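> Can you look at this prediction? I've put the sequence above it.
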Amino acid sequence: MRRIVSVWLIDWPISVRRRSLERARRPASPPEPADDPRNPFALILKNNRGAAVIHALNPAARRAGLRRGQAQADARAMIPHLLCQPADPDADARALKALACWAERWSPSVSVDPSEGGLEGLFLDVTGAAHLFGGEAALLRQIRDRLAEAGVPAGVAMAPTPGAAWALARWGEGEEGRAPIATEDDVRARLASLPVEALRIADRTLAQARRFGLKRIGDLYPMPRAGLARRFRADGGVDLVRRLDQALGYAGEALIPVRPPARYRAWEAWAEPLGDLEGVEARLPELAADLAGPLERDGQGARALTLTGFRSDGRTTALSVRMGRPGRDAGVWLRLFREAGLGRLELGFGLDALMLTADVVEPMAACQATLEAEAGARQAESLAALIDRLTARLGEDRVLTPAPADSWIPERAEHLRPALGRRVEGDPGGLGRRPILLLDPPEPIRDPLFDLPDGAPARFTWRRASRRVTRAEGPERLSPEWWRTARARTRDYYCLEDAEGGRYWVFREGLYGREYAGGPDERAPTWWMHGVLA
């Protein structure tokens with residue numbers, strides 16, 4: 001049986017503004033008059049005609065006879081000492097989304113209910129999770145108490161459908177002050193006495209229903225659906241029937257979570273807050289084991305993990321690690337989180353719950369390597385594990401590996417990219433010998449002695465030392481990238497070895513007879529040292 005919790009955030013814009021003022025107020029400054037619940041306070045918003053109307057008001061203003069949608073001038077005429085401030089619907093929406101993320105301590109699927117007219121709230125899908133909190137009544141009591149501690153008055157209810165839970169949270173009454181709870185057996189009876197506006201219908205449809213004498217939801221039960229839909233103008237009757245069927249469970253209603261729930265997650269909550277990192281580290285192996293089990297069952301491996309802590313003050317703290325290859329070894333995960341630094345978790349006044357999620361998963365297919373390739377496979381696995389640990393400790397932008405680029409000029413043929421998830425390749429074939437490190441920029445060679453036009457140097461001076469060449473290979477000709485610069489010239493590369501055994505990678509920039517004919521206004525070819533060969 002599906003179990004949905006509806007949380008009605010009473011006077012939500014007022015609560016957001018009050019908490020914003022509390023955070024902005026300095027310790028030595030006097031309290032804001034708007035913070036005093038005895039002072040009538042309202043948030044003002046301009047309507048489509050440009051008139052200032054009341055968008056939200058606190059209980060003191062409501063007791064004084066003010067209402068939402070009332071003109072500010074009329075409200076001031078009734079209560080001259082009314083405190084008014086401009087409303088910020090965008091800030092209210094952002095705060096509602098943040099509250100939905102905070103409510104994930106009770107459910108991985110939390111949706112925002114953007115109802116208007118002061119009926120904002122949340123939907124929590126707690127199917128199969130109520131026993132973790134001591135039962136359904138205890139769960140609702142905990143939600144309401146935690147919100148009250150944060151200064152957010154709320155009404156809560158639980159039912160098999162979102163529509164029924166929404167109606168009971170706002171118009172239902174529980175026994176002995178308890179939050180209303182409806183089951184599939186009694187949801188029809190519990191909704192019968194509630195007003196028709198509890199079905200979340202438009203104001204125009206609500207006005208027509210009242211003219212027809214339909215004041216309670218129970219008044220709609222004996223009426224035929226087709227006739228009921230035809231009684232209202234436009235699509236009002238269709239919408240009324242749809243909302244009624246959704247509330248009773250005859251029609252489905254989809255809820256879109258603020259954050260899609262992770263397919264693979266492990267979660268643990270405690271009665272007392274967890275206040276130190278040693279406690280977090282002690283409970284992490286159990287979470288890792290609980291997460292590895294479903295992954296192994298489905299033949300999946302995790303490539304990205306996130307450890308989320310739900311703090312007692314309503315905030316969350318998280319630490320993420322990534323891996324180059326999918327895996328499900330809990331021991332490897334623990335080492336990566338230690339390398340990433342569990343001390344980065346900001347525990348605040350303690351954690352109420354910990355959640356470990358696999359953010360990115362990939363299939364893990366078993367493969368058998370040949371005996372000749374077994375040593376290479378072990379080396380590749382060790383290298384991948386080293387890259388994972390270094391990345392977790394230093395960050396992805398600090399552990400790099402060269403990757404080929406679309407250029408044959410050596411200094412532009414490779415770029416450094418994060419090594420995480422990349423295969424470390426050897427020297428690609430067909431490019432000839434390349435030094436491990438290139439000089440940036442290339443250093444000039446003085447006094448080269450060579451045969452024209454394309455002979456290798458027999459002697460040259462580099463870094464004030466004269467070197468006699470005993471062996472030479474080349475040339476390897478690289479054409480210029482003329483689209484980059486009009487002065488680009490052809491390069492001829494040579495591998496040289498001198499009498500002392502030093503090996504060098506040099507090039508001549510420019511060609512005799514083609515790019516240089518000896519004219520006084522021409523630039524003669526030049527020789528450059530680009531790297532030292534191993």
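Noted; the coordinates are in hand.

> Could you measure from Glu411 over to Arg503?
Note on Glu411: its distance to Arg503, by CB to CB, to the nearest Å, is 19 Å. C-betas here are computed from N, CA, C, even on glycine.

> neighbour count winner among the two?
Arg503 (15 against 12; other CB atoms under 10 Å).

> pretty sure that one contacts Tyr494?
No - counting by CB atoms under 8 Å, Arg503 does not reach Tyr494; the two are 11.0 Å apart.

> what's the closest non-adjacent residue to the most centrally placed residue in the chain?
The centroid of the chain falls nearest to Arg259 when counting by CA atoms, centre = their mean (8.1 Å). Closest residue to Arg259 apart from its sequence neighbours, by CB to CB, 6 or more residues apart in numbering: Cys101 at 6.6 Å.

> Can you say which helix or strand has the one you found in it?
Element membership of Cys101 [criterion: DSSP states H and E] is helix 89-102.

> what's that helix packed up against?
Using 3 or more CB pairs under 8 Å, 6 or more residues apart in numbering; DSSP states H and E, the elements in contact with helix 89-102 are helix 12-24, strand 110-113, strand 121-125.

> wait, what's in contact with Met1?
127, 160, 183-184 (CB atoms under 8 Å, 6 or more residues apart in numbering).

> what do you get if the cut-off is 10 Å, keeping everything else the same?
By CB atoms under 10 Å, 6 or more residues apart in numbering, the contact list for Met1 reads 127-128, 160, 183-185, 249.

> Most neighbours among these, which one is it?
Counting neighbours by other CB under 10 Å, Pro160 leads the contacts of Met1 with 20 neighbours.

> on that earlier part again, dump the residue contacts of the residue nearest to the centre of the chain.
Contacts of Arg259 by CB under 10 Å, 6+ apart are 97, 100-101, 104, 108-110.

> Mark which of those are buried, thanks.
With neighbours counted using 16 or more other CB atoms under 10 Å, the contacts of Arg259 contain these buried positions: 100, 104, 108-110.

> Including distance to Arg144 and pLDDT, could those residues go into CSV?
Below are the buried ones among the contacts of Arg259 laid out as CSV (distance: CB to CB, whole Å; pLDDT from 0 to 100):
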residue, distance to Arg144, pLDDT
Ala100, 16, 91
Glu104, 17, 86
Pro108, 20, 83
Ser109, 20, 89
Val110, 16, 92
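
> Make a markdown table out of these and add distance to Phe212.
Formatted as a markdown table, these follow (distance: CB to CB, whole Å):
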| residue | distance to Phe212 |
| --- | --- |
| Ala100 | 37 |
| Glu104 | 43 |
| Pro108 | 43 |
| Ser109 | 38 |
| Val110 | 37 |
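
> Nearest to Ala340, out of those residues: which one, please.
Glu104 (21.8 Å; CB to CB).

> Poorly predicted segments of the protein, please.
The chain contains residues with pLDDT under 70 at 28, 174-176, 233-234, 365-380, 421-432, 486.

> quick one, helices of it?
Secondary structure of the chain (DSSP state H): helices located at 12-24, 59-63, 72-78, 89-102, 136-149, 162-171, 187-192, 203-211, 225-230, 236-248, 277-298, 330-340, 374-394.

> Which of those sits closest to Thr316?
helix 89-102 (6.5 Å).

> Going by neighbour count, which residues of the helix holding Cys101 are buried?
Within helix 89-102, judged by 16+ other CB under 10 Å, the buried ones are 92, 95-96, 99-100, 102.

> closest to Arg338 among these?
Distances from Arg338 to the buried residues of helix 89-102, taken by CB to CB, are shortest for Trp102, at 27.4 Å.

> Now do the same contact list for that closest one.
Trp102 neighbours (CB under 10 Å, 6+ apart): 110, 122, 146-147, 150, 310-311, 313-316.

> Give me the buried entries from the residues you listed.
Buried subset of the contacts of Trp102 (neighbour count, 16+ other CB under 10 Å): 110, 122, 146-147, 310-311, 314, 316.

> Which pair of those residues spans the longest distance?
Checking those with CB to CB, the most distant pair is Leu122 and Arg311, at 18.6 Å.

> Can you pull the phi and psi angles for Ala456?
phi -80, psi 150 (degrees, to the nearest 10).

> Need the nearest residue in space to it, chain neighbours excluded.
Using CB to CB, 6+ apart, the nearest residue to Ala456 is Ala472, at 3.7 Å.

> and the one you found, how far is that from Gly155?
Counting by CB to CB, the gap from Ala472 to Gly155 is 87 Å.

> for Asp74, same thing?
Asp74 sits 29 Å away from Gly155, going by CB to CB.

> Neighbour count: these two, which is higher?
Gly155 (21 against 12).

> That one: what's it in contact with?
Contacts of Gly155 by CB under 10 Å, 6+ apart are 6-10, 121, 140, 144, 147, 168-172, 174, 179-180.

> repeat for Thr183
Counting by CB under 10 Å, 6+ apart, Thr183 has contacts 1, 3, 136, 158-160, 190.

> Let's see if you can find the most crowded of the residues you listed.
Most surrounded of the contacts of Thr183: other CB under 10 Å gives Ala159, at 29 neighbours.

> in the sheet, who's paired with it?
Ile4 (DSSP bridges).

> give me phi/psi at Asn47?
Per-residue torsions, Asn47: phi -90, psi -170 (degrees, to the nearest 10).

> how much space is there between it and Leu386?
Taking CB to CB, one finds Asn47 at 63 Å from Leu386.

> Go ahead and confirm Pro448 touches Trp527.
Yes - Pro448 is in contact with Trp527 according to CB atoms under 10 Å; the separation is 4.7 Å.

> Show me the common contact partners of those two, please.
457, 460, 462, 506, 508.

> Tell me the spacing between the third one and Leu438.
Taking CB to CB as the measure, Trp462 and Leu438 are separated by 15 Å.

> Might you report the residue contacts of the residue nearest to Pro404 when sequence neighbours are not counted?
Nearest non-adjacent residue to Pro404, counting by CB to CB, 6+ apart: Glu414, 6.0 Å away. With contact set as CB under 10 Å, 6+ apart, Glu414 has these partners: 401-405, 407, 434, 438.

> picking that back up, so which of the buried residues of helix 89-102 is the closest to Leu82?
Set against Leu82, the nearest of the buried residues of helix 89-102 by CB to CB is Asp92 (20.4 Å).

> Scan the contacts of Glu414 and report the most crowded one.
Going by other CB under 10 Å, Arg434 tops those with 18 neighbours.

> Verify the contact between that one and Trp408 for me.
No - using CB under 10 Å, Arg434 makes no contact with Trp408, being 11.7 Å away.

> Output stretch 121-140 as PDB, restricted to C-alpha atoms.
Output in PDB follows, covering the C-alpha atoms of stretch 121-140 (Å, rounded to 0.1, in the frame of the first residue of the first chain):
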ATOM      1  CA  GLY A 121       4.000  22.300   1.200                       C
ATOM      2  CA  LEU A 122       5.800  19.100   0.400                       C
ATOM      3  CA  PHE A 123       5.000  15.500  -0.500                       C
ATOM      4  CA  LEU A 124       7.000  12.700   1.000                       C
ATOM      5  CA  ASP A 125       6.700   9.100  -0.300                       C
ATOM      6  CA  VAL A 126       7.400   7.000   2.800                       C
ATOM      7  CA  THR A 127       6.100   3.700   1.400                       C
ATOM      8  CA  GLY A 128       7.800   0.900   3.400                       C
ATOM      9  CA  ALA A 129       9.800   3.300   5.600                       C
ATOM     10  CA  ALA A 130       7.500   4.300   8.500                       C
ATOM     11  CA  HIS A 131       8.800   1.400  10.700                       C
ATOM     12  CA  LEU A 132      12.300   3.000  10.700                       C
ATOM     13  CA  PHE A 133      10.900   5.900  12.700                       C
ATOM     14  CA  GLY A 134       8.700   4.000  15.100                       C
ATOM     15  CA  GLY A 135       5.500   3.800  13.000                       C
ATOM     16  CA  GLU A 136       3.400   6.200  11.000                       C
ATOM     17  CA  ALA A 137       2.100   8.200  14.000                       C
ATOM     18  CA  ALA A 138       5.700   8.600  15.400                       C
ATOM     19  CA  LEU A 139       7.000   9.600  11.900                       C
ATOM     20  CA  LEU A 140       4.300  12.400  11.500                       C
END
